[in-house]
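S.K.: This is the structure alone, sequence omitted:
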């Protein structure tokens, strides 16, 4: 009975639903493997872009999450709202060698020169409009 089990070929593994069968990459050279992974990344990014276009929204990935948090920080710095000082502290830790970087970033947010990707700044107040017009004249 044991001999029959040993001589029998291994049963085929069932593929998981909705997932293509795994490709055998063991015979690929380094260049072929790199090209294969590059192609897979292109396909994955195209699929995410198509889903975003279809749903008319941003799909949450690590990059989009970082960008959304950066946008939120820009709006808070622009409005000088609660938490702006904490954001300035974090920026000063990040740019510890570049002393003026946090203040420059805050000034760029206030002047709307640093543009958020996913949201927009609130409408300009009368005070901002006058300041901008005076700088042009």
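M.R.: Looks like it came in fine. Everything numeric here is computed off the predicted structure, so don't read it as measured data.

S.K.: worst-scoring helix or strand of this protein, pLDDT-wise?
M.R.: helix 2-7 (a mean of 64; mean pLDDT, DSSP states H and E).

S.K.: next helix or strand past it?
M.R.: helix 30-55 (DSSP states H and E).

S.K.: Just list the residues touching residue 98, thanks.
M.R.: Applying CB atoms under 8 Å, 6 or more residues apart in numbering to residue 98 gives no contacts. Glycine gets a C-beta too; all of them are placed from N, C-alpha and C.

S.K.: Can you list the low-confidence ranges for this structure?
M.R.: By pLDDT under 70, the low-scoring segments of the chain are 1-16.

S.K.: cutoff 80 now
M.R.: Residues of the chain meeting the criterion pLDDT under 80: 1-24, 137.

S.K.: Find the residue at the geometric middle of the protein.
M.R.: residue 63 (1.3 Å; CA atoms, centre = their mean).

S.K.: who's in contact with that residue?
M.R.: Counting by CB under 8 Å, 6+ apart, residue 63 touches no other residue.

S.K.: so how far is residue 115 from it?
M.R.: Separation of residue 63 from residue 115 (CB to CB, to the nearest Å): 17 Å.

S.K.: Kindly report the same for residue 37.
M.R.: From residue 37 to residue 115 the distance is 33 Å (CB to CB).

S.K.: Likewise for residue 72?
M.R.: 14 Å.

S.K.: more crowded one of those two?
M.R.: residue 72 (15 against 11; other CB atoms under 10 Å).

S.K.: what helix or strand does the more buried one sit in?
M.R.: helix 62-79.

S.K.: so after that helix, what's the next helix or strand?
M.R.: Sequence order places helix 84-94 as the next helix or strand after helix 62-79, per DSSP H and E.
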